[in-house]
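Student: quick one, what's the 3D model for this:
(2 chains)
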Amino acid sequence: MKPEHITAWALNELSPEERERIESALRDDPQAVRAADETKEFCNFLLTELRDESLAFTPEQRQRLQKTETAPPVAPAVKPVRWSFVSRFAPIATAAACAVLGLFLVMKSSEPAVPAVAAAEESELRYQVRLPEMREAPSVPAPLVASAQTQDASWFMRGTGSSSVTLDMPSLPSKPATLADQLINSNAGALIVNGPPSNLPSTVVGTDVTFGKSGASTLPSSNLIVAAGTSSLTLSGNTSSVAFPSPIRSEAVGSVTTSTTGALSGSGSLTSNSITLNADSTAVLAALVELRVNEKLAADLPVGTTITAIGDSPASRPLSPASTPPAPINTAVGLVVVNSGQTEMLMRDEKGKPESEVRTLVVGAEGGFLKDRLANESYTAIVENQLKEVLREPLSTLSIDVDTASYANVRRFLNQNTIPPKDAVRIEELVNYFPTSEAGPAADAEVPFAARVEVAACPWQPKHKLARIAIKGREVEMGSKASNLVFLVDVSGSMNSPQKLPLVQQSLRMLAEQMGEGDSVSMVTYASGTQVVLPPTNGEKRAEIIAAIERLRAGGSTNGAGGLQLAYEQAVAGFIKGGINRVILCTDGDFNVGISQPAELEKVIAQKAKSGVFLSVLGFGSGNLKDRTMETLADKGNGNYAYIDGLAEARKVLVEQMNGTLVTIAKDVKIQIEFNPAMVRSYRLIGYENRLLAKEDFNDDTKDAGEIGSGHSVVALYELVPASLPPGNEPHILVDTLKYQTLASPAPEPVTPKLTPTAQSDELMTVKLRYKQPDGDTSEKIELPVPDSDKPLAKASGEFKFSAAVAGFGLLLRDSAYKGGLNWETVRRLALDGKGSDKLGYRGEFLQLIDKARGLKSTHP
Amino acid sequence: MRGEHMLMAEPDTLFLETLQRYERPLIRYAHGYTGDVEEARDVVQDVFLKLSQNLHSLDHERLAPWLFTVCRNRALDHQRKHHRLIVMETETLDREMSASPSPEEALDKRETARRLRQLIDTLPARQQEAVRLKFIAELDYQEISAAMKTSIGNVGYLIHHGVAALRTKWLALENEAPAERAPLVAA
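Tutor: Coordinates of the predicted model:
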């Protein structure tokens, strides 16, 4: 009895006799019975779970099909042959004889099916990749066959996910080929593939194109493929798999350009493309493949995209046609397979080179490549806060920040095996990503949030202290407030990518599903123009809302400012007093038409924010992410900014933390800390670089600051240098002695101010908070004196440790000058200690990111 | 479920019966490739149109393998045409219309199905194919062997190992803190 039989039994795939046999065998073996039952249970579980009856035709589709006429009959049916499983393996001779017969019958019976299956595959034939055979193509150099095999291998590897593209090798036409009318091929020079979009698949599919020497060509209009180089180009229809077989002389440049309307671009994304560059093992390949779709999408190679290179030393160089805007460029060396989607790829060495020479590059992991890839993402430079001397600057003032986008963005990078750019790492957003388990304010408390401060030893500077100021907002049930939501969706061409618009649609659906009676949802889209695609609709009419979401399609340029205007108008028109009035902007942040200067947008949005409508910005996609624009919008528009890197994050932001995202409980929340010079020599605020306020701003109610949502956790961390430490331990910023005055510092040695009696207390500092009610205009202030503490790190609370771990993670990722003696192990240990119950799983995921970052940092210092 | 009851059917009836019998399994199966219900519908609609043209020339005993082979090829073509990701982990969930009255339950179920589909995606290609045909398309071993052009013994082998691997992975997933699931999505 083989284990297969048990599975077959569990699936009810045995004939009655076989079944009987198995069951009698099982009777004697309780252990096997249990195993069999477990298998059966699991099989049933799979069948039930995977049976999704909702996946069906629409009634219209079904009706149409039911009316379809069939062609006339009919070949006579062949008698079915029941498969005999067990007997094939039966040990007894007679049974074995039966088995042979059975097997024969099985094989026999499968024959009639073959033509049908073969017929079924006809459609596939159209997409076969054909590689020229070398002997009939003297102009094509020798290693072609090898490269064809390599090509085959790459497809094979790709096949873990999907590909059924097969390779055959018909002979190359001895004359330059003109295939399917549209292909012009010249062995002597440039290659032009030309055709209207509708013809492109048939044009390119199965086509061999060889071009010799060097050449360049451009195509006049939209749908075209341009290739130039010194070798052979093969394009397989819709997948646009491009192979450059070797040998490639010192330098070959091939470029493939497709445009949005061409069939190659299809939905406009390159996610299922495969680019294969083959080089002879002795040749240095410095090939450039530039895939440009809509100028931006090439950067959207899917998560896990892997480039594998076999070959000689790197010789990549940035190649960018001077006339075009900076486009993502993939440069690589050796044999490169850009493999879509699958990470399981193992590169076989086709050329018999030792394994050690097989290099696996992950997209973005190599310096030059990374830079190119990120060319279109923009981040505001972060200049880390410095250590400030208390005597000189006793006050530190900041606006709180509840954005979490940076964490999700960092996670995206790490999951793509890429170290995020430093400026993408905003430590406060990392820390604030994690909801804390601390209690909010008492139900009857006047202040809508609870604030607490904890001080313990600093993990990266053991002699320093770390102060953690934690604010926890009150939980407000969303159901208690009616909401007026306006979805503002960017449907410009740049959103046309699986990680963008489809994810937007799913995210909005999640949100829409939580709307109820009394809620109102409307939707505005913007691309080249703006449009109200869903007038204010009662939240109960979910089907209508979802249908509108499903109808969204991308295309065109991006007039973001116009869309904002219209969305705010909608929100104001449907304003619900005392309710949730919010515009939810879904975009990759690229506003390229209309007002696109951040400064101007800020003005527009700040003015809109006065209407009492709040803003949530949901960022999507990669490669074209205008992080800065989006953060600015949320910042100025009384809102929050979250980066949605996947469905899990959408669920966190829009379902699990929907209240926090949508319900504001306090606005313009500012923190000001006065340090006691008798206790603290200097301090450093960790993160919040773009949230610093002037000390005067604290009491100025006209100054905008951050909002706290329902249940939000906000943490600010300060590294404190105790006054008891001898000076000189921290870097000084020396300022020249003043020439014209002596009294007012700055001077190299600060004047010693008169200390108040309070300074002699054990107070380390006083934390002051200001906030306004969501609809209020005047702020309230609370003060929290913080006593000194010599608590060792080990005694600190779990939340303290976890915040410290996340901050440390950021410091290490940023290679901060202040990271001190911190290492990944410490970060990991702290995170583990502070993990707590972690009901939603965010912290467990963080632990894995630590390992990922640690691995990447160690291999790419 | 099996093909037998179609034996005597007239072509038109046969077509309708096939439509009725395989509509959902095919759409589910196509959905496994396209990750998008609309696209899955389009693909399967094509499959049935093709069936209507070829019904006379097909072995009626072998309709299922034929349907699923055509479907798979169409789905892959479609996918290539539309440059979709192969594994659309972010796509597969929440695309389906909710059939259940309780959104939460439906969500749970979809979540489970989504995770299972992701796990299936991690299997070796042949096992994946066999498991999909068995559990998503609900074909029997014989039909699978025809669709995959392999022996039934091999189908048994592939499914056994596929199921065993899935079970191990699923149990591992279940036993982990919910936190540990996230990388499944990310990996």
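
Student: only C-alpha atoms from now on, for both contacts and neighbour counts.
Tutor: Fine.

Student: pretty sure residue A:52 is touching residue B:28, no?
Tutor: Yes - contact criterion Cα atoms under 8 Å: residue A:52 and residue B:28 qualify, at 7.1 Å.

Student: which one's more surrounded, the two?
Tutor: residue B:28 (28 against 19; other Cα atoms under 10 Å in any protein chain shown).

Student: any low-confidence regions in the chain?
Tutor: Because you didn't say which chain, this covers chain A. A:1, A:70-378, A:478-480, A:556-558, A:590-598, A:622-626, A:728-737, A:742-752, A:860-861 (pLDDT under 70).

Student: that was the other one, I meant chain B.
Tutor: For chain B (pLDDT under 70), the answer is B:1-11, B:81-109, B:176-187.

Student: how about the nearest residue to residue A:454, chain neighbours excluded?
Tutor: Of all residues not flanking residue A:454 in the chain, residue A:468 sits nearest, at 5.2 Å (Cα to Cα, 6 or more residues apart in numbering or on different chains).

Student: for that neighbour, grab the count of nearby residues.
Tutor: Count around residue A:468 with other Cα under 10 Å applied: 21.

Student: for it, which three-state class applies?
Tutor: strand (DSSP: H, G, I helix; E, B strand; the rest coil).

Student: surely it meets residue A:799?
Tutor: No - the criterion here is Cα under 8 Å, and residue A:468 misses it with residue A:799 at 9.4 Å.

Student: ends of stretch B:33-40, what's the gap?
Tutor: Stretch B:33-40 stretches 8 Å from its first residue to its last (Cα to Cα, to the nearest Å).

Student: anything in that stretch near chain A?
Tutor: Yes - judged by Cα under 8 Å from any Cα of the partner chain, stretch B:33-40 comes into contact with chain A through B:33, B:37.

Student: how far off centre is that stretch?
Tutor: 11 Å (Cα atoms, centre = their mean, to the nearest Å).

Student: doesn't residue A:489 lie inside a strand?
Tutor: Yes - when three-state DSSP is applied, residue A:489 is found to be in a strand.

Student: for chain B, what's its nearest residue on the stretch 551-700 of chain A.
Tutor: Nearest to chain B in the stretch 551-700 of chain A, going by Cα to the nearest Cα, is residue A:647, at a distance of 5.4 Å.

Student: what's the local residue count around that residue?
Tutor: Neighbours around residue A:647, by other Cα under 10 Å: 22.

Student: quick check, it in contact with residue A:502.
Tutor: No - using Cα under 8 Å, residue A:647 makes no contact with residue A:502, being 10.3 Å away.

Student: circling back: what's the distance between the residue nearest to residue A:454 and residue A:787?
Tutor: 13 Å.

Student: repeat for residue B:159
Tutor: 66 Å.

Student: tell me the secondary structure at residue A:463.
Tutor: Under three-state DSSP, residue A:463 comes out as coil.

Student: which of residue B:159 and residue A:787 has more neighbours?
Tutor: residue B:159 (27 against 15).

Student: which elements pack onto the helix or strand that one falls within?
Tutor: Residue B:159 is part of helix B:152-175, with elements assigned from DSSP states H and E. Where contact means 3 or more Cα pairs under 8 Å, 6 or more residues apart in numbering or on different chains; DSSP states H and E, helix B:152-175 is packed against helix A:3-10, helix A:30-50, helix B:103-121, helix B:125-131, helix B:141-147.

Student: out of those, flag the one nearest residue A:708.
Tutor: helix B:103-121 (27.9 Å; Cα to Cα).

Student: neighbours of residue A:543, how many?
Tutor: 14.

Student: ok, now how distant is it from residue A:550?
Tutor: Residue A:543 is 10 Å from residue A:550, by Cα to Cα.

Student: pretty sure residue A:486 sits in a helix.
Tutor: No - secondary structure of residue A:486 (three-state DSSP): strand, not part of a helix.

Student: ramachandran coordinates for the residue of the stretch 551-700 of chain A closest to chain B?
Tutor: Here is the backbone geometry of residue A:647 (degrees, to the nearest 10): phi -60, psi -30.

Student: distance of it relative to residue A:509?
Tutor: From residue A:647 to residue A:509 the distance is 11 Å (Cα to Cα).

Student: any residues of the stretch 351-500 of chain A in contact with chain B? List them.
Tutor: A:415, A:498-499.

Student: and which of those residues is nearest chain B?
Tutor: Of those, the one sitting nearest to chain B (Cα to the nearest Cα) turns out to be residue A:415, at 6.1 Å.

Student: circling back: most surrounded residue in the residues of the stretch 351-500 of chain A next to chain B?
Tutor: So for these (other Cα under 10 Å), the most neighbours sit at residue A:499, 25 neighbours.

Student: would you check that that residue makes contact with residue A:621?
Tutor: Yes - using Cα under 8 Å, residue A:499 makes contact with residue A:621 at a distance of 5.3 Å.

Student: between the two, which contacts overlap?
Tutor: Both residue A:499 and residue A:621 are contacted by residue A:645, under the criterion Cα atoms under 8 Å, 6 or more residues apart in numbering or on different chains.

Student: what is the neighbour count of the residue of chain A found nearest chain B?
Tutor: Closest approach between chain A and chain B, counting by Cα to the nearest Cα: residue A:841, at 3.3 Å. Number of residues near residue A:841 (other Cα under 10 Å) recorded here: 17.

Student: what does the one 3 residues further on give?
Tutor: Each residue near residue A:844 was counted by other Cα under 10 Å, and the total is 24.

Student: what helix or strand is it on?
Tutor: Going by DSSP H and E, residue A:844 is part of helix A:842-859.
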